[in-house]
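Participant: Based on what follows, work out the 3D shape:
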Amino acid sequence: MSTERITWTSRIGFVLASAGAAVGLGAIWKFPYMAGTNGGSVFLFPYILLTFTVGLALLIAEIALGRLGRGGIVTTYRRLAGPLFLPAGYLGVLTGFLVLSFYSAIGGWTLSYFCEALVGQGLITDQSLLGAHFAEFTANPVTALGFQWLFLLLNGLIVAFDVTKGIERVSKILMPLLFILMLVIIVRGLMLPGAMEGVKFLFKFDPEAFTFAGLLQAMGFTFFSLCVGCGCMMTYGSYLDQKTNLVRSCVWIAFLAVVTSLMGGLMVMPSVFAFGLDPTAGPGLTFITMPAVFAQMPAGQLFAVMFYLCLIVAAITSSVSMIEIIVAYLVDEKGMSRPKASVLSTIALAVVGALPCLSFGVLSDVKFFGSKTFFDVFDFFTSNLSLPIGGLVILFLAGNHCWKRVSTDITGGMPVSEAWMRALRFTMCVLSPILVIAVLISGLL
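Facilitator: Residues are numbered from 1 along each chain as shown. Okay, the predicted model is just below:
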């Protein structure tokens, strides 16, 4: 099979697309509520430290393998490690498929809330009414599925074009737009009386609030926020030319992922504290607490529209990377044209994604393992099992099986400190696997 492959037209295009994949809803939806429920700064500081150590090593490993293999995760594993590792490649494709199956349901929620904000609906100060409104929307099969399918259609249209005309072009527009919108909302939130309490919550370290469980949560979010373990970054790496400095690009991706998470926290926490709302509201913080904030804020409708537009942009830049895993597999391994692979992937995701989407309504009584809905099962399998296992396989291949080729590809013929390379390999072979295994075990307990 030929290794000829289209490449990103620029390093900034690759960095923005990869940062978009890493950012996703995690930065705006997940980071604020995880920081809120895990002590704020005592979650934030370990997350930053872990991102620029073990997370960065895993990111470098995955992208380096993709550039060496010149293909999606299945193609790369077959070329670099042989048929023995093909099951791990198929697991990566399955992981991307299942993640997007339930992630697209959340993407549909963001589209719905954006539409409501446009017409001035949903801005209610009573959180119990907002909670009831959220439950009613997610339980309605017509609206829930309709918005989910619309979200998937947007993704399918983007990946139907080749990488440079689809994902790269969209990322160059959406990522700067995301940062601009986030900055505007942050500035407005910081102007509210009492907002600085939210800033203190995020940045003033409180040793008494530290817990080992919170540290494990920070580890898990590190891997989640960098979108590593399922082959997404490997697929993006396969479109990277040999001239691009891989390590520098990975540092930029990690930096942008951390900055966007910090901005996500600053978008939410100051406003939550300013209006005396609960920062430990959990996953409902974005869809139940924030509308109450906008309802009390001058020009609240305008900022609600901007906030949910941020969510849509973040969701799409991440979700296109997951559907790209599936499309790349069909193109590389099955010889399909990209448009056909995109259509097939979108239809399959719409069918399977209906299960987690409807688990808040007509399928809410279908339970597994005692109390888990389809949404919970998809989330648990990917977050607690397949992503950590995928990360371990990537670390083993990059740090052991393919180290000579990976180390040569990383340096690109440029002089690199021997001590730095030893530290990188130690992180890939020892430190990162230990922490990934800790996350894997804690997720199963």
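Participant: For the stretch 151-300 of the chain, give me the ranges with low pLDDT.
Facilitator: For the stretch 151-300 of the chain, applying pLDDT under 70 flags the ranges 281-284.
Participant: Show me where it has its helices.
Facilitator: Here the stretch 151-300 of the chain has its helices, by DSSP state H, counting those that start in this stretch, at 169-190, 196-203, 212-225, 232-237, 246-274, 289-296, 300-334.
Participant: What is the neighbour count of the spatially closest residue to residue 99 that is not a sequence neighbour?
Facilitator: Nearest non-adjacent residue to residue 99, counting by Cβ to Cβ, 6 or more residues apart in numbering: residue 382, 4.9 Å away. (C-beta placed from N, C-alpha, C; glycine too.) When counting by other Cβ atoms under 10 Å, one arrives at 25 neighbours for residue 382.
Participant: can you confirm residue 382 is in a helix?
Facilitator: Yes - looking at residue 382 with DSSP: H, G, I helix; E, B strand; the rest coil, it is inside a helix.
Participant: pretty sure it is touching residue 98, no?
Facilitator: Yes - here residue 382 reaches residue 98: they are 5.3 Å apart, a contact under Cβ atoms under 8 Å.
Participant: tell me the contacts of the residue nearest to residue 99?
Facilitator: Applying Cβ atoms under 8 Å, 6 or more residues apart in numbering to residue 382 gives the contacts 95, 98-99, 230.
Participant: For those, pick the one with the most neighbours.
Facilitator: residue 230 (29 neighbours).
Participant: Check which helix or strand the closest residue to that residue other than its chain neighbours maps to.
Facilitator: Leaving out its chain neighbours, the residue that sits closest to residue 230 by Cβ to Cβ, 6+ apart is residue 95, at 4.1 Å. Element membership of residue 95 [criterion: DSSP states H and E] is helix 86-118.
Participant: List the contacts of stretch 353-363.
Facilitator: So stretch 353-363 is contacted by 100-102, 104-105, 108, 135, 138-141, 144-145, 148, 152, 366, 373-376, 378-379 (Cβ under 8 Å, 6+ apart).
Participant: Make a ChimeraX selection of whichever of those turn out to be buried.
Facilitator: Of these, the buried ones can be selected in ChimeraX as follows, counting by 16 or more other Cβ atoms under 10 Å:
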select :100,101,102,104,105,108,138,144,145,148,152,373,374,375,376,378,379
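Participant: and the gap between residue 76 and residue 419?
Facilitator: Separation of residue 76 from residue 419 (Cβ to Cβ, to the nearest Å): 29 Å.
Participant: Looking at those two, which is more packed in?
Facilitator: Under the criterion of other Cβ under 10 Å, the comparison of residue 76 against residue 419 puts residue 76 first, with 30 against 8.
Participant: And for the more buried one, nearest residue in space, chain neighbours not counted?
Facilitator: Nearest in space to residue 76, with sequence neighbours left out and distances taken as Cβ to Cβ, 6+ apart, is residue 69 at 2.7 Å.
Participant: Quick check: pLDDT value at that neighbour.
Facilitator: The model reports residue 69 with a pLDDT of 91.
Participant: and if you look at residue 51?
Facilitator: With respect to pLDDT, residue 51 scores 91.
Participant: Give me the phi and psi angles of it.
Facilitator: phi -60, psi -40 (degrees, to the nearest 10).
Participant: so what's it up against?
Facilitator: Counted by Cβ under 8 Å, 6+ apart, residue 51 has contacts 222, 225-226, 254, 257-258.
Participant: Using TSV, please lay out these together with distance to residue 324.
Facilitator: As requested, the contacts of residue 51 are exported to TSV (distance: Cβ to Cβ, whole Å):
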residue	distance to residue 324
222	22
225	18
226	16
254	20
257	18
258	23
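Participant: Neighbour-wise, give me the winner out of those.
Facilitator: Neighbour max across those (other Cβ under 10 Å) = residue 226, 29 neighbours.
Participant: Please verify my assumption that it contacts residue 19.
Facilitator: No - in this structure residue 226 lies outside contact range of residue 19 using Cβ under 8 Å: 9.8 Å.
Participant: shared neighbours, the two?
Facilitator: Common neighbours of residue 226 and residue 19 (criterion: Cβ under 8 Å, 6+ apart): 253, 257.
Participant: Can you give me the neighbour number for the nearest residue to residue 199 once chain neighbours are set aside?
Facilitator: Distances taken as Cβ to Cβ, 6+ apart put residue 270 closest to residue 199, at 5.9 Å, once the chain neighbours are dropped. By other Cβ under 10 Å, the residues close to residue 270 number 26.
Participant: pLDDT weak spots in the stretch 301-445 of the chain?
Facilitator: 412-415.
Participant: do the stretch 1-150 of the chain as well
Facilitator: 1-5, 127.
Participant: Let me see the ranges of the helices in it.
Facilitator: Ranges of helices in the stretch 1-150 of the chain, per DSSP H, counting those that start in this stretch, are 11-25, 31-37, 41-50, 56-69, 73-81, 86-118, 127-139, 141-160.
Participant: For residue 18, give me its contacts.
Facilitator: Applying Cβ under 8 Å, 6+ apart, the residues near residue 18 are 63, 233, 236, 249, 253, 321.
Participant: so which of those residues comes closest to residue 425?
Facilitator: Using Cβ to Cβ, the shortest approach to residue 425 within the contacts of residue 18 belongs to residue 63, at 16.0 Å.
Participant: Distance check, that closest one against residue 416.
Facilitator: 16 Å.
Participant: between the two, who's got more neighbours?
Facilitator: The neighbour count for residue 63 versus residue 416, taken as other Cβ under 10 Å, is higher for residue 63 (30 against 14).
Participant: ok so residue 366 is a strand residue?
Facilitator: No - assigned with three-state DSSP, residue 366 falls outside any strand and is coil.
Participant: residues in contact with it?
Facilitator: Contacts here follow Cβ under 8 Å, 6+ apart; on that basis residue 366 touches 359, 373-374.
Participant: In helices, which of the residues you listed fall?
Facilitator: Among those, the ones falling in helices (DSSP state H) are residue 374.
Participant: need the contacts of residue 366 in TSV with distance to residue 327, can you?
Facilitator: Formatted as TSV, the contacts of residue 366 follow (distance: Cβ to Cβ, whole Å):
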residue	distance to residue 327
359	26
373	28
374	24
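Participant: quick one: which of the contacts of residue 366 is nearest residue 340?
Facilitator: Set against residue 340, the nearest of those by Cβ to Cβ is residue 374 (28.0 Å).
Participant: residue contacts, the closest one?
Facilitator: 102, 355-356, 358-359, 363, 366, 368.
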